[in-house]
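> Using only what follows, build the 3D model:
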Amino acid sequence: MSSTELPGVKAAAELTSQVGGARVAEGERLRTAPLSGLELNVRFRPPVREGLPPALFVHGLGGSSQNWSALMEQLAGDVDCEAVDLPGFGWSPPPADRDYSVTGLARVVIRYLDAAGRGPVHLFGNSLGGAVSTRVAAVRPDLVRTLTLVSPALPELRVQRSAVPTALLALPGIATLFGRLTRGMSAEQRTRGVTALCYGDPSRVTSEGFEAAVEEMERRMALPYFWDAMTRSSRGIVDAYTLGGQHGLWRQAQRVLAPTLLIYGGRDQLVSFRKAHKAAAAFRGSRLLSLPEAGHVAMMEYPEVVATAFRELLRDTERARQTAAGKQTAGLTAGRPEEPGPRGPNEQREPNEQREPNEQRVQNEQNEDTADIEDGRG
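Okay, here's the model as predicted:
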C-alpha cells in the first residue's frame, strides 16, 4: 500500500554524488518540468543510443524517483528512462491545489506526458504509483505502450495488519498523533523501520545506501508539507479503494489495453501476495512474476530479475507488433484486411456480432473517464 524513500541494494546503484542537494546515481541527471500550477522533478538517464523507446517510472507513497535508480540503470540499453517525483514527494514541491488523489496524480502524469510529447511510453508504477499508472493506462491508452506494475495498490477487502498504520493516516488528526508519538525517533530509527517494512530481506541494503536513506529521511521530515502530503496521499488511496462502477480500479484494470507485467513479492507486508492472481485475471493478456523472497519494492531488491522480465515483455510485444503489421500488409495485398487474432492468453475475443458493441462500450467508458480526469471528478 505504500513505498518509501529507501536505500539502494546494489553497489552499482549506490548514490555517488549530489546535484543541488539532491542525490543522483552515477549516470543520472535531474531536471525540472514546469506545468501549470506545479513543478515536477524528473530523474533521467541520457539514452545510450538514439531511437530507444521512452519509459516513465512512477513511485509509491512516501517514495521518490530515486526508488527506480537501480532498475533504470539495468534498462539503460533498452529504453529511454525517466522517473518523476510526484507532487509533494522527492524534490517536487506540493501541488498548488493540494490534490493528492489517485485521479489528481494520474492527471499530473498525463499532463507531463502530453507536454513532453513522449507518449506512448513503457509505463512503470510501484504501490500508489501502480494505482496511478493503472488509471492512466485505462483512460489514455494512447499514452501507454506497455504497463509494468510492482506491488500495485489495488483495492483489498482484507488489508494486511502491517498496512493498517498507513491506512489510518487518512483519518483526520491521525497524522498529528503519529507525529507526536514518533517525535523522539531518530532518522536512523525511522529508516530502519521503513526498511524492515518494505524489504523482504533488509540485509540486502548496503551500508552506503542506508546512510544515504537516513540523510534523505532527515531532509523529508524537515519539510513543512511532509505530513500533509502523506496524509492526503493516504486519503487518496483509501478514497480510490471505495470507488465503484467505472471509476473503480479493478474495473479500470479490466479496460487496460497495453500488455501488462505484474510483479508481486511473497514477503510484501503492504500489498497482499494473495491479490496477484486476481490482478493477473483482471489485466487482459497479462503476465505475472512472483518473487517469493521479495518485499514491497522488488525493483529495488531484485532489479536484475525485474529487468529481465521486462525485456521479455518488450521483446514479445515488439514481435507481436511486427507480426500484426506483416499480417495487415499481407491482407491488404490480397485485397482484403486480415482479421486480427487473439490479444493474449487471458483474453478471448467476443463473437463478431458482440465485439463492436463491447468495444464501443469500453471506448465510451474511456472517454467518460478522460473527461472526469480532466475536470477532477474521477
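> what about Ser290, neighbour count?
For Ser290, the tally of surrounding residues (other Cβ atoms under 10 Å) stands at 15. For glycine as for every other residue, the C-beta is placed from the backbone atoms N, C-alpha and C.
> helix, strand or coil for it?
strand (DSSP: H, G, I helix; E, B strand; the rest coil).
> Okay, strands next: where are they in the stretch 101-250 of the chain?
Ranges of strands within the stretch 101-250 of the chain are 121-126, 144-150, based on DSSP state E, counting those that start in this stretch.
> Now the last one: average pLDDT?
Going back to what we said before, that points to strand 144-150. When pLDDT is averaged along strand 144-150, the result is 98.
> now do the first one
Averaged across strand 121-126, pLDDT comes to 98.
> the inter-axis angle of it versus strand 144-150?
Angle, strand 121-126 to strand 144-150, by axes from the mean of the first three to the mean of the last three Cα atoms, to 10 degrees: 20 degrees.
> Give the other helices and strands that strand 121-126 contacts.
Strand 121-126 sits against strand 54-58, helix 128-139, strand 144-150, with contacts defined as 3 or more Cβ pairs under 8 Å, 6 or more residues apart in numbering; DSSP states H and E.
> same question, the last one
With contacts defined as 3+ Cβ pairs under 8 Å, 6+ apart, strand 144-150 has these neighbours: strand 121-126, helix 128-139, strand 260-265, helix 303-333.
> Please name whichever of these is nearest to Arg232.
Of all the helices and strands packed on strand 144-150, it is helix 128-139 that lies closest to Arg232, at 11.6 Å by Cβ to Cβ.
> Now do the closest one: which elements does it pack against?
Using 3+ Cβ pairs under 8 Å, 6+ apart: helix 128-139 touches strand 54-58, helix 102-116, strand 121-126, strand 144-150, helix 226-242, helix 249-254, helix 352-375.
> Parallel or antiparallel, which strands does the shortest one pair with?
Strands that pair with strand 54-58, judged by DSSP bridges, come out as strand 80-85 (parallel), strand 121-126 (parallel).
> quick one: buried residues of stretch 233-243?
233-238, 240-241, 243 (16 or more other Cβ atoms under 10 Å).
> Regarding Val42, what is its secondary structure?
Assignment for Val42 (three-state DSSP): strand.
> Please name the residues that touch Trp250.
154-155, 282 (Cβ atoms under 8 Å, 6 or more residues apart in numbering).
> can you tell me which of the helices and strands packed on strand 144-150 the model trusts least?
Out of the helices and strands packed on strand 144-150, helix 303-333 stands lowest, with a mean of 86 (criterion: mean pLDDT).
> Can you list the helices and strands that that helix packs against?
So helix 303-333, by 3+ Cβ pairs under 8 Å, 6+ apart, packs with helix 69-74, strand 144-150, strand 260-265, strand 287-291, helix 298-301.
> now the angle between strand 287-291 and that helix, please.
Using the same axes, to 10 degrees: helix 303-333 against strand 287-291 is 170 degrees.
> Helix 303-333 relative to strand 260-265, how many degrees between them?
Going by the same axes, to 10 degrees, helix 303-333 makes 160 degrees with strand 260-265.
> Quick check: buried residues in helix 303-333?
Buried residues in helix 303-333 (16+ other Cβ under 10 Å): 303, 305-307, 309-310, 313-314, 317.
> Pick the one among the residues you listed closest to Arg140.
Distances from Arg140 to the buried residues of helix 303-333, taken by Cβ to Cβ, are shortest for Thr317, at 18.1 Å.
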